[in-house]
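# Give me a model of this one.
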Amino acid sequence: MPDESQSLSQEHFLIESLRRLENTAQDRLAVRLHLSKLRAENRKPYHIRIAADFLRPLVEKHQGQTFLLSNSDIVAILRGAPRADLDDTVDRLRYLFADDPLAEGDPSEEAGKFSSCYSIDNEFRSILLVAERLYARARERLTEASKTKPKTGGELRPLEAGHLGQLMGAINSADLSPLLRRQPIAVVVPGAAPKPVLWEVLADLDELGRQLIPGIDLAANRWYRYAIREAVLDRLLVWLSHSGYKASSDPLSIDATVAGLMSDQFLAFDRNLADSAKKRMVFELQEIDVFSDLGATLFVRDMMQDRGYRLCLDGLNHMTLPMIDRPKLGMDFLKFRWGPDFELDTGSARGRALTAAVDQAGAARVILYGADTARAIESGRGLGVTLFQGGYVDSLLRTAGPAAAAGARPAARARPASGKRKSRAG
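Numbers count the residues shown, from 1 in each chain. Predicted structure coming up:
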């Protein structure tokens, strides 16, 4: 969701934009997406970004503006947009949220509306009043937030050694299965429907922290996050054992550590898993872990691949990817993150280095994650990437149909007897 102070300005800019159009409103439409009415689990920041990204082609085509409001609603103003085109875009957006009651709500009732459309020329006062109310409510929320925010100690505290021991103890005794979900890694190429090839089993580490040790910032120390990742790996292994993973199950990608793959817990898991099932599992290792003890990494690599598993080097970015020789390192996959600074001219030296790195590693061996917008997909394709992971990929699979959408379903729940489970600690 947009930052409160920034999104309050979005309400302000919406009002100002409407006032400027008062005398030139002919052919102008305004559409409001009532995303604030979605269930909380369907109203995450990446959901809002994806919805805005879906609107972008229509907004750009019709010289429009988009406003991301602090309550998660989106308002777009368009010029000369055929109503049929607008309705088609809204219907596709509605389908993205098909599992939310709002998508099936009665549009004739205000509470059930997924969207509202206004002719600015004919309904100028109505849409302006809506914008002014949205601005007033945003100010009220900011005022209330300032009253309830603690004067001191309101910020998250960094994770310290004492906290780490407390968190480890909580992880060892907690049932983490409600936090587990699956996110697809899919082949996305022009002219073809996206096709999931792996499902990463992960959980929200920040939510894990909020539930097990409130008030602590787990992101503050990278090494502590690594230790947490190691602690939760064996929990996932027990979960997999109890879920009856086999050769016919979906291929999985699992966040792991070098030490975790040498643990007694993993060796016990490996002994009880059929060889045919091992070939359907990829274990992701963070680069900070891999290169902190390369000897141990190479030992684990050989052991894992000898057993039929595949390994992925995770945690890379557009600066570090060109430094990795995947064939020489012996990793099956490389995984790097998209970010705003990723959009580089492919003709530049850095762009050429990235393209060459993807080509050397193999287009089918490089995964671009954090692909939450169409722009991220376009940027990756420009480098030759074909494997993507992120919120926008999830939305493409949902619009592609039920079979593909199954790739983004939550992880099946399974309670281990005693022992442990997992969360994405990246």
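
# Okay, Asn317 and Arg337: tell me how far apart.
5 Å (C-beta to C-beta, to the nearest Å). All C-beta atoms are positioned from the backbone trio N, CA, C, and that covers glycine.

# Look at those two and report which has more neighbours.
Arg337 (20 against 14; other C-beta atoms under 10 Å).

# mind giving me the domain ranges of this protein?
4-146, 158-408 (automatic domain parsing).

# Leaving out sequence neighbours, find the closest residue to Asp27.
Take Asp27 and drop its neighbours on the chain: the residue closest to it by C-beta to C-beta, 6 or more residues apart in numbering is Gly80, 4.8 Å away.

# if we can go back for a sec, just put the domains of the chain in CSV and tack on mean pLDDT.
Formatted as CSV, the domains of the chain follow (pLDDT from 0 to 100):
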stretch, mean pLDDT
domain 4-146, 85
domain 158-408, 83
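
# Assign Lys335 to helix, strand or coil.
Following DSSP: H, G, I helix; E, B strand; the rest coil, Lys335 is assigned to strand.

# got the contact list for it?
For Lys335, the contacting residues are Glu284, Cys312, Leu313, Asp314, Gly315, Leu316, Val366, Ile367, Leu368, Tyr369, by C-beta atoms under 8 Å, 6 or more residues apart in numbering.

# Repeat that for Gly80.
Contacts for Gly80 were tallied using C-beta under 8 Å, 6+ apart; they are Asp27, His62, Gln63.

# Same question for Ser72.
Ser72 makes contact with Met1, Leu35, Ser36, Leu38, Arg43, Ile48 under the criterion C-beta under 8 Å, 6+ apart.

# now the closest residue to the second one other than its chain neighbours, what's its secondary structure?
Right, the one you point to is Leu35. Distances taken as C-beta to C-beta, 6+ apart put Ser72 closest to Leu35, at 4.6 Å, once the chain neighbours are dropped. Under the three-state scheme (three-state DSSP), Ser72 adopts coil.

# Can you give me the distance of Ser72 to Ala52?
Distance, Ser72 to Ala52, by C-beta to C-beta: 11 Å.

# Likewise for Phe13?
For Phe13, the distance to Ala52 equals 15 Å [C-beta to C-beta].

# Same check on Asn42?
According to C-beta to C-beta, Asn42 and Ala52 sit 15 Å apart.

# again with Leu212
For Leu212, the distance to Ala52 - C-beta to C-beta - is 33 Å.

# Kindly report the same for Asn317.
24 Å.
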